[in-house]
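**Student:** give me a model of this one.
(chains A and B)
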Amino acid sequence: GDSVTQMEGPVTLSEEAFLTINCTYTATGYPSLFWYVQYPGEGLQLLLKATKADDKGSNKGFEATYRKETTSFHLEKGSVQVSDSAVYFCALGNQGGKLIFGQGTELSVKP
Amino acid sequence: DTGVSQNPRHKITKRGQNVTFRCDPISEHNRLYWYRQTLGQGPEFLTYFQNEAQLEKSRLLSDRFSAERPKGSFSTLEIQRTEQGDSAMYLCASSPGGRVVSPLHFGNGTRLTVT
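**Tutor:** Residues are numbered from 1 along each chain as shown, chains lettered A, B, ... in the order given. Predicted coordinates for the structure are as follows:
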């Protein structure tokens, strides 16, 4: 069945460091891909999405490119801030519109 | 857009009791989803509705769990004879539906603790 695998956390970075969180997927057909973020004490929020191969989703300085050949959707940010500390979830959406999530990667950014 | 609303925010119950949670989706959204999230894990799909029809249920959803969406508006998730393993955050989400896979809009969840 469809599945998503994320790099394990926690990831600890200093402010202004470069961030990469790896995400790979297994799916039938042509899924849409998403990154969600969960800030401490808050609900899941959509961060960015891509609906087809080679699409790049971007938001708040974060980017991810849908790579069909490597079945990946890695999240990147050039310069992280303390306020980016959160748990990040990669997800795929296929028939029926339900999303399948990875296990999440906790990011901690130190000043 | 008032967002997805879930009640209660927290529920503590004793093992063997029944509990019911409510979800009010974004008003124009046709699809409503229930997920369960345990500490350190991603949300796990439980079930979803297109309007009032329940279209899919996960194998995770034992016969102690039942969900309804009367009139295609709000939804309830009931857990009968709760067990300690049911302790988790229960998340509700909604989306417009349609041919394109839309992002899900999540509520803040109901945290269930079974003692």
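**Student:** ok, now how distant is B:Gly40 from A:Gln38?
**Tutor:** 12 Å (C-beta to C-beta, to the nearest Å). Glycine gets a C-beta too; all of them are placed from N, C-alpha and C.
**Student:** and those two? Which one has more around it.
**Tutor:** A:Gln38 (20 against 10; other C-beta atoms under 10 Å in any protein chain shown).
**Student:** now B:Cys23: phi and psi?
**Tutor:** phi -130, psi 130 (degrees, to the nearest 10).
**Student:** B:Leu55 now?
**Tutor:** Main-chain dihedrals, B:Leu55, degrees, to the nearest 10: phi -100, psi -20.
**Student:** in space, what's closest to it - neighbours in sequence excluded?
**Tutor:** B:Tyr48 (6.0 Å; C-beta to C-beta, 6 or more residues apart in numbering or on different chains).
**Student:** that neighbour contacts B:Arg31, correct?
**Tutor:** Yes: using C-beta atoms under 8 Å, B:Tyr48 is in contact with B:Arg31, at 6.2 Å.
**Student:** more neighbours, these two?
**Tutor:** Taking neighbours as other C-beta under 10 Å, B:Tyr48 and B:Arg31 compare with B:Tyr48 leading, 27 against 23.
**Student:** partners of that one in the sheet?
**Tutor:** Note on B:Tyr48: beta-bridge partners by DSSP bridges are B:Tyr33, B:Glu56.
**Student:** any weak-confidence spans in chain B?
**Tutor:** B:1 (pLDDT under 70).
**Student:** from chain A, how far out is the most centrally placed residue in it?
**Tutor:** Residue closest to the mean C-alpha point of chain B, counted by C-alpha atoms, centre = their mean, is B:Trp34 at 3.1 Å. With distances taken as C-beta to the nearest C-beta, to the nearest Å, B:Trp34 is found 10 Å from chain A.
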